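Undergrad: Provided below are the primary sequence and the corresponding predicted coordinates.
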Amino acid sequence: MATKLKMRKGDLVQVISGKDRGKQGRIIEALPRENRVIVENLNVVKKHQRPRAMRDSSRMGQQQIQPGGVFDVSAPMPASNVMVVCPVCNRATRVGYEFRDSKDGQVKVRVCKRADCGEVLDR
Ligand SMILES: [Zn+2]
């Protein structure tokens, strides 16, 4: 069964396993279908790139050349390796869902699962 990704682009997350364990960063891309996230400046790999013409350059008018070299790029990491950091209590937490009243009726919101916090994560 596929579980829905609880992280979103822009979330601050803490890495709980792997080489970047303990570090925090912001999600720059969520990949729900792969259950992975790309976190800014984390899980950085060296990418060796040859100079080459960019494939989709035709749209841009003239052809563009991508320069070669070694780049640091953030690689996608499994979403299970990170936890969302609650912006209210500042701790890595699991994410729960609750229904809250709003001007548009009941809305589903993400909440901090810490027992002594429980605050809404999105604001
Ligand atoms: Zn919290």
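TA: Arrived safely, thanks for sending.

Undergrad: The residue nearest the centre of the chain pairs with what?
TA: Nearest residue to the geometric centre of the chain (Cα atoms, centre = their mean): residue 27, 2.8 Å. Beta-bridge pairing for residue 27 (DSSP bridges): residue 39.

Undergrad: cool, and residue 78?
TA: Assessed by DSSP bridges, residue 78 has beta-bridge partners residue 36.

Undergrad: what number of residues lie near it?
TA: Counted with other Cβ atoms under 10 Å, the neighbours of residue 78 add up to 13. For glycine as for every other residue, the C-beta is placed from the backbone atoms N, C-alpha and C.

Undergrad: What ranges in this structure fall below the confidence cut-off?
TA: Applying pLDDT under 70 to the chain flags the ranges 1-3, 55-61.

Undergrad: what does it have sitting close to the ion?
TA: The chain comes close to the ion at residues 86, 88, 89, 112, 114, 117, as judged by Cβ under 5 Å from the ion.

Undergrad: Now the buried members of the residues you listed.
TA: Among those, those classed as buried by neighbour count (16 or more other Cβ atoms under 10 Å) are 86, 112, 114.

Undergrad: So which of the residues you listed belong to strands?
TA: With DSSP state E as the criterion, strands contain residue 112 from among those.

Undergrad: Just put the buried ones among the residues of the chain next to the ion in JSON lines and tack on distance to residue 42.
TA: Formatted as JSON lines, these follow (distance: Cβ to Cβ, whole Å):
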{"residue": "86", "distance to residue 42": "18"}
{"residue": "112", "distance to residue 42": "22"}
{"residue": "114", "distance to residue 42": "23"}
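
Undergrad: What residue spans form the domains of the chain?
TA: 1-52+67-85, 94-123 (automatic domain parsing).

Undergrad: Pick the most deeply packed of those.
TA: Across these, averaging neighbours per residue (mean count of other Cβ atoms under 10 Å) puts domain 1-52+67-85 on top, at a mean of 15.

Undergrad: Start and end of stretch 79-89, how far apart?
TA: 21 Å (Cα to Cα, to the nearest Å).

Undergrad: just stretch 72-81 next, same as before
TA: Stretch 72-81: ends 20 Å apart by Cα to Cα.
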